[in-house]
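In: with the input below, show me the fold.
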Amino acid sequence: MSGKVVVNRCMSLDGFIAGPGHSMDWGGGRALADFVAPDDFAEVAAATGAMLVGRRTWEVGDQMEAEEPGSTDYPFSGPMFLLTHRPLEPPDPEVTILSGDIGEAVATALDAAGGKNLEILGADVASQCLQRGLVDEILVYVLPVLLGDGIRFSSPGLARTDLEPLSSTRSGDATILRFRVRKQSDQTDG
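Out: A predicted model of the protein is given here:
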């Protein structure tokens, strides 16, 4: 069985995946894991075989980890790919740098996922993948907070993307929504 390409996001009820300045403060010092039931969080991580992360998301995570060690812990242990044109300083031997065509980057990372899902993190990378028709599913953790401003779920200019609802589950204080991305061929077939 081949894994899927899954955009994985946490989002405020008003549609922001981060606050102003890329802040990931969801209120009261709470991280995503504090909102989601541990078993659900672990189940998603267990289905993930590799991650493809955008540079800005990587830098925000690095900053969060430096300011509060353990704040970005995620029970995932597969290969990590960073889509960027700049090398990491200092280099991280556990991260593979990819640049160039988004389709090639996704194919490389999905192959490394070993039949499990490839998780896409980062607004720009996710939008590029959606524009190219590379995403199979979108997984959203809707958090009970209104941010009012920040980084929107999708980048400006993203074309309409039709989704098929797969599930809606209450998990701790969050609601987990899962959608299948309808491909162009699905939309013309009926």
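
In: okay, CA-based contacts and neighbour counts for the rest of this
Out: Noted.

In: surely residue 173 touches residue 35?
Out: Yes: distance between residue 173 and residue 35: 5.0 Å, which falls inside the contact criterion (C-alpha atoms under 8 Å).

In: hey, what's in contact with both of those two?
Out: Listed as contacting both residue 173 and residue 35 by C-alpha atoms under 8 Å, 6 or more residues apart in numbering are residue 143.

In: more neighbours, the two?
Out: Here residue 173 and residue 35 are set side by side on neighbour count (other C-alpha atoms under 10 Å), and the busier one is residue 35, at 19 against 15.

In: if I pick that one, what's in contact with it?
Out: The contact partners of residue 35, taken as C-alpha under 8 Å, 6+ apart, are 143, 171-174.

In: of those residues, which belong to helices?
Out: Secondary structure of those is defined by DSSP state H; no position falls in helices.

In: what's the closest of the residues you listed to residue 45?
Out: Nearest to residue 45, judged by C-alpha to C-alpha, of the contacts of residue 35 is residue 171 at 14.8 Å.

In: can you flag the buried ones in the contacts of residue 35?
Out: If you count burial by 16 or more other C-alpha atoms under 10 Å, the buried members of those come out as 143, 171, 174.

In: so residue 114: helix, strand or coil?
Out: coil (DSSP: H, G, I helix; E, B strand; the rest coil).

In: isn't it up against residue 49?
Out: Yes: with contact taken as C-alpha under 8 Å, residue 114 and residue 49 are classed as touching, separated by 6.3 Å.

In: same drill for these two, tell me which one is more crowded.
Out: For residue 114 against residue 49, the residue with the higher neighbour count under other C-alpha under 10 Å is residue 49, and the figures read 24 against 17.

In: and the more buried one, how far from residue 143?
Out: Residue 49 sits 25 Å away from residue 143, taking C-alpha to C-alpha, to the nearest Å as the criterion.

In: residue 62 too?
Out: For residue 62, the distance to residue 143 under the criterion C-alpha to C-alpha works out to 22 Å.

In: cool, and residue 43?
Out: Using C-alpha to C-alpha, residue 43 is found at 18 Å from residue 143.
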